[in-house]
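got a structure for you, letters missing:
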């Protein structure tokens, strides 16, 4: 199944032709090098032009941030390289770089080096600590050298793309190429390294309208991607998603799956030809340079795939690798409100596909990893593969060994102890499934609840849910809709009596199966039950809880830290305590932060260690 690549446009800035884009690593800035000789810095949070450099009247084909020096460096068709301080706007250095148009600049990740390539068919290495001395000249191409890129896994090597139809891999210590990759039928405009894992892969784009994936260890072409109708100007592997991105003079940006190589999405913002791509490491942001401006998009959500069991053990995905930490190890030490917790991160293993979500089962013994239309169930301690299969959606039942998968828009399968026990097709199109004490299925503007054993309809409710949250004992359920949520009480005794009587079920199920206890006019962003207490965050950045229809605010959260999910590591509800303790843990930032809240409430309910993760 395709990846869930929800695309959000965050910046759209009109300008002259954009030949190069680059992200600042810490500021919310995008650098755009323009064909009219200007360089712009855009703030993508407020879509404002931060700074503008009038560099030359000739085209600027490449510009980069050198953040550790607070510099912008640009190469132009006047064959000069210019360096500016982006804070003071002062020119730091100007020098002649090549004997023809300068096509590309690459900045070494740690050393004071840059590489430049040009239409003079040369690649040059420069050292800014030695007053921009020319350290090495690399010769071997016999046409324009369109791009050079340092190897992120070994920065002492780099790759180049040329209109002589070849790709060459070099080392900084020798002026001669280590080897050459051939296979494109026309000139190669662009090349990039695979940055998301251990694969020794390169990707290239050419005037032959194709994208090729290469294994540079075996010096072979792994795959050819076809679909563009004009020259492929730029390509990249996305650093955090399993996505290959290609941009073409046909005006489209194509997103390909980096493992299966199938086409996932085609984007076209109507800004004519695509010339440049840029990504921000550790994020899902992507910048695109067009004939008519700069666009920044966000691919999918940046919320981590993460889950926590009832004992405080957290696991999350970092690329295809799975890591874990035990929050309870900090419980024996004195914790100051807002203090960062120093916890030992453990590498658990890896997953065959890119994880889209992680979920513990109710007793915490197993974890399901879902992504790319597949699921794998692992043991949570040893991280051993227990079961796997295909699924559009996966949900755990309230019982530890039971789960359901949605295979398609009309079929659901039930499993118990990792064996299929039931498969059924409801008489409507399935939009989503939810787990818990009952299996619930959403379609259009209603939701149906079924028992897990026989998949018998218990009740149809005419609401359009966004999420369903069951209490641990299965007596209470919250149905979260677009602008409100409902808390219902499940009459389990009545349901059992009805099934025991073997009466024919009405079309809408058992009428009194649920009793509506309360309706709250707030949008639920994330929620968790602790006993009879429903904890949730709303759109106003508040962490609330609801008991008996009464809503109490626990904390006003910083908007940027509004959680995507809430977990509780101790689920018992203790009555008549004098304080309400909540621990907020933020593993998305690797370190963890803890804070306590103490609302005043008569007959206080105490919830211990409820943990929430930021979006």
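Thanks, I have it. Just so you know, these numbers come straight off a predicted model, no measurement behind them.

Poorly predicted segments of the stretch 251-400 of the chain, please.
Scanning the stretch 251-400 of the chain for pLDDT under 70 picks out 301-303, 319, 330-341.

where exactly do the helices run in it?
Using DSSP state H, counting those that start in this stretch, no helices are found in the stretch 251-400 of the chain.

What of the chain?
Secondary structure of the chain, counting by DSSP state H: helices at 492-500.

Now do the contacts for residue 165.
Applying Cβ atoms under 8 Å, 6 or more residues apart in numbering to residue 165 gives the contacts 143, 182, 184, 185, 186, 187, 188, 206. Where C-beta positions appear, they are placed from N, C-alpha and C, glycine not excepted.

Against residue 210, how distant is it?
Separation of residue 165 from residue 210 (Cβ to Cβ, to the nearest Å) stands at 12 Å.

shared neighbours of those two, which are they?
Jointly contacting residue 165 and residue 210 under the rule Cβ under 8 Å, 6+ apart are residue 184.

Could you point out which of the contacts of residue 165 is nearest to residue 397?
Nearest to residue 397, judged by Cβ to Cβ, of those is residue 206 at 51.5 Å.

list the contacts for the nearest residue to residue 177 once chain neighbours are set aside?
Using Cβ to Cβ, 6 or more residues apart in numbering and skipping the chain neighbours, the partner closest in space to residue 177 is residue 168 (4.1 Å). Counting by Cβ under 8 Å, 6+ apart, residue 168 makes contact with 140, 141, 159, 160, 162, 177, 178, 179, 180, 181.

now do residue 156
Residue 156 neighbours (Cβ under 8 Å, 6+ apart): 171, 172, 173.

any idea how far residue 166 is from it?
21 Å.

so residue 350 makes contact with residue 318?
No - judged on Cβ atoms under 8 Å, residue 350 makes no contact with residue 318 at a distance of 10.0 Å.

Enumerate the positions of stretch 474-487 that are buried.
Buried positions in stretch 474-487, judged by neighbour count with 16 or more other Cβ atoms under 10 Å: 476, 477, 478, 479, 480, 481, 485, 486, 487.

now stretch 108-120
Neighbour-count burial for stretch 108-120 flags 108, 113, 114, 115, 116, 117, 118, 119, 120 (criterion: 16+ other Cβ under 10 Å).

for residue 326, which residues make a bridge with it?
For residue 326, the beta-bridge partners under DSSP bridges are residue 313.

wouldn't residue 370 be in contact with residue 351 here?
No - if you go by Cβ under 8 Å, residue 370 and residue 351 don't touch, sitting 9.9 Å apart.

any residues touching stretch 479-486, and which ones?
The contact list for stretch 479-486 (Cβ under 8 Å, 6+ apart) reads 447, 461, 463-469, 478, 488, 516, 518-524, 527, 536.

likewise stretch 215-229?
By Cβ under 8 Å, 6+ apart, stretch 215-229 touches 159, 169, 179, 181, 183, 199-202, 209-214, 244, 246, 248, 250, 252, 254, 256, 261, 263, 266.

Inside strands: which ones of those?
If you go by DSSP state E, these have 159, 169, 179, 181, 201-202, 210-214, 244, 246, 248, 254, 256, 263, 266 in strands.

List buried members of those residues by neighbour count.
Buried, going by 16+ other Cβ under 10 Å: 159, 169, 181, 201-202, 210-214, 244, 246, 248, 254, 256, 263, out of the ones in strands among the contacts of stretch 215-229.

Which members of the residues you listed are the farthest-apart pair?
With Cβ to Cβ as the measure, no two of those lie farther apart than 169 and 263, at 28.0 Å.

which of the contacts of residue 168 are buried?
Among the contacts of residue 168, those classed as buried by 16+ other Cβ under 10 Å are 140, 141, 159, 160, 162, 177, 181.

could I get the residues you listed as a markdown table with distance to residue 298 and pLDDT?
A markdown table is the format used below for these (distance: Cβ to Cβ, whole Å; pLDDT from 0 to 100):
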| residue | distance to residue 298 | pLDDT |
| --- | --- | --- |
| 140 | 39 | 97 |
| 141 | 36 | 98 |
| 159 | 28 | 98 |
| 160 | 31 | 98 |
| 162 | 33 | 98 |
| 177 | 38 | 97 |
| 181 | 33 | 98 |
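
Closest one to residue 283 out of the residues you listed, please.
Nearest to residue 283 among the buried ones among the contacts of residue 168 is residue 159, at 23.9 Å by Cβ to Cβ.

residue contacts, that closest one?
When contacts are taken as Cβ under 8 Å, 6+ apart, residue 159 is in contact with 148, 149, 151, 167, 168, 169, 170, 191, 193, 202, 216.

Considering those residues, which is situated nearest to residue 554?
Distances from residue 554 to these, taken by Cβ to Cβ, are shortest for residue 193, at 46.4 Å.

Lowest mean pLDDT among the helices and strands, pick that one out for the chain.
Every helix and strand in the chain was compared by mean pLDDT, DSSP states H and E; the lowest is strand 573-575, with a mean of 28.

any idea how far residue 223 lies from residue 213?
Applying Cβ to Cβ to residue 223 and residue 213 gives a distance of 4 Å.

anything in contact with each of those two?
Counting by Cβ under 8 Å, 6+ apart, the shared contacts of residue 223 and residue 213 are residue 261.

in the stretch 451-600 of the chain, which spans are strands?
457-461, 467-470, 476-480, 485-490, 514-520, 524-530, 533-538, 542-547, 550-556, 563-568, 573-575, 592-593 (DSSP state E, counting those that start in this stretch).

These: which one's closest to residue 403?
Per Cβ to Cβ, nearest to residue 403 of the strands of the stretch 451-600 of the chain: strand 467-470, 14.2 Å.

before we move on, the earlier item: take the contacts of residue 159 and write them to TSV, including distance to residue 9 and pLDDT.
Listed next are the contacts of residue 159 as TSV, based on distance: Cβ to Cβ, whole Å; pLDDT from 0 to 100:
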residue	distance to residue 9	pLDDT
148	30	98
149	27	98
151	32	96
167	32	98
168	36	98
169	36	98
170	37	98
191	27	98
193	27	96
202	29	96
216	34	96
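
Low-confidence bits of this protein, can you list those?
Scanning the chain for pLDDT under 70 picks out 1-5, 301-303, 319, 330-341, 558-615.

hmm, 50 instead?
1-2, 561-564, 569-615 (pLDDT under 50).

what about residue 416, how many neighbours?
Neighbour count for residue 416, taken as other Cβ atoms under 10 Å: 15.

Give the bridge partners for it, please.
Counting by DSSP bridges, residue 416 is bridged to residue 402, residue 419.

Quickly note the distance from the residue lying farthest from the centre of the chain to residue 289.
Distance to the chain centre peaks in the chain at residue 501, reaching 50.1 Å (criterion: Cα atoms, centre = their mean). From residue 501 across to residue 289, the span is 69 Å (Cβ to Cβ).

now, among the contacts of residue 159, which is nearest to residue 85?
Distances from residue 85 to those, taken by Cβ to Cβ, are shortest for residue 148, at 24.5 Å.

can you tell me which residues contact the closest one?
Residue 148 makes contacts with 104, 106, 115, 116, 117, 123, 158, 159, 160, 161, as judged by Cβ under 8 Å, 6+ apart.

Could you export those as JSON lines, including distance to residue 71?
JSON lines is the format used below for the contacts of residue 148 (distance: Cβ to Cβ, whole Å):
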{"residue": "104", "distance to residue 71": "17"}
{"residue": "106", "distance to residue 71": "14"}
{"residue": "115", "distance to residue 71": "16"}
{"residue": "116", "distance to residue 71": "15"}
{"residue": "117", "distance to residue 71": "19"}
{"residue": "123", "distance to residue 71": "21"}
{"residue": "158", "distance to residue 71": "20"}
{"residue": "159", "distance to residue 71": "24"}
{"residue": "160", "distance to residue 71": "23"}
{"residue": "161", "distance to residue 71": "25"}
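
Residue 393: which of those residues is nearest?
residue 159 (40.4 Å).

among the strands of the stretch 451-600 of the chain, which is nearest residue 31?
From the strands of the stretch 451-600 of the chain, taking Cβ to Cβ, the stretch that ends up closest is strand 563-568, at 30.5 Å.
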